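Enquirer: when you get a sec, could you give me coordinates for this:
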Amino acid sequence: MTGIHSIALRVPCYAEAIAFYRDVWLLEDMGERDDSHAFRTACADHDNLLLSSGEPGIVNISLTVATREDLLSLERKIETSSHVVYALSEADLAPGEAYGLVTTDPDGRQIRLVVPTRPDRPCEAVADSLAPQNIGHVVLWTPDSSVSEAFYGLLGFSVTDRTHLGMSFLKCGNEDHHSLALVGSKTGRAGLQHLAFDVGSIDNVMRNFARLRDLGVSISWGVGRHGPGNNVFSYYQDPAGNFVEYYGDMQKFPVDEDLETRFWGAEHKGDVWGVAGAPPDAFRQ
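Expert: Model (predicted):
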């Protein structure tokens, strides 16, 4: 598993969400794709955010698998763990996807595992561009963190950090500190906690903060620097109420380094700089 390939979301305010991700969030508008509207980040050579109209929620999350051999190995692991898994038909594969599987995580989310038609390549984003380079990580609510951790561990994720608030950060086969995180929900929620976009640098986080401020877009939390991951963050809400993050300067590790899980206690408030204030209540419920 090498990262987030794409995410598909349902939004009740379809036209407003399309305008937000195009004009405010600076994603490349790829137009309509069957019943969805597609976007790309600057370094993606495939659609990696898809919006469809409906009650808010996750349609699916697609994770990148490096090779067909890795995909077949994952299929065997999933089958032997009693999870149901199916091969994606040619009709179900999106442009840029060579092979794929689909399964369901313990919280009922559809998880697609896809081998791209072309391998990952170094990002060639324009240096002075403020557009997001990649979808860096997805954070999910879960009513049972231990069960969800075990499932994603089966797919090749490992826990790098945990917090006293019940959050766990999961790394996969890239250098980023995490590509997935799980938040234990006190109310049994199982949905999107936030979606994070890498803008490449601290400067770009701050320049985007100024740009969105000038557009009249209110920041939900930030700017600050997280402890787990060490990334500089700024959070906003899209028209559907989803929290979205611009971040930069994520902590990196060698792909094959064996990491010891770090625990963050109550002294950690989410921002090691101490300037961002408390996160929104919706972040913790």
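
Enquirer: where do the helices sit along the stretch 1-150 of the chain?
Expert: 14-19, 68-80, 145-154 (DSSP state H, counting those that start in this stretch).

Enquirer: in a markdown table: these, plus distance to residue 134 and mean pLDDT.
Expert: All C-beta spots, glycine's among them, are computed from the backbone N, C-alpha and C. Below are the helices of the stretch 1-150 of the chain laid out as a markdown table (distance: least, CB to CB, whole Å; pLDDT from 0 to 100):
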| stretch | distance to residue 134 | mean pLDDT |
| --- | --- | --- |
| helix 14-19 | 20 | 98 |
| helix 68-80 | 20 | 97 |
| helix 145-154 | 19 | 97 |
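
Enquirer: I'd like the ones you listed laid out as a markdown table, including mean neighbour count.
Expert: Below are the helices of the stretch 1-150 of the chain laid out as a markdown table (neighbours: other CB atoms under 10 Å):
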| stretch | mean neighbour count |
| --- | --- |
| helix 14-19 | 16 |
| helix 68-80 | 14 |
| helix 145-154 | 17 |
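
Enquirer: nearest to residue 204, of those helices?
Expert: Residue 204 sits nearest to helix 14-19 of all the helices of the stretch 1-150 of the chain, at 21.9 Å, using CB to CB.

Enquirer: helices or strands next to that closest one in the packing?
Expert: If contacts are counted by 3 or more CB pairs under 8 Å, 6 or more residues apart in numbering; DSSP states H and E, helix 14-19 sits against strand 49-53.

Enquirer: show me the residue at the heart of the chain, geometrically.
Expert: The centroid of the chain falls nearest to residue 138 when counting by CA atoms, centre = their mean (2.2 Å).

Enquirer: bridged to it, which residues?
Expert: Note on residue 138: beta-bridge partners by DSSP bridges are residue 180, residue 195.

Enquirer: so it makes contact with residue 7?
Expert: Yes. Proximity of residue 138 to residue 7 meets the contact threshold set by CB atoms under 8 Å, at 6.2 Å.

Enquirer: tell me how this protein divides into domains.
Expert: Here the domain assignment for the chain is 3-116, 134-283, based on automatic domain parsing.

Enquirer: straight-line length of the last one, end to end?
Expert: Spelled out, it's domain 134-283. End-to-end distance of domain 134-283 (CA to CA, to the nearest Å): 22 Å.
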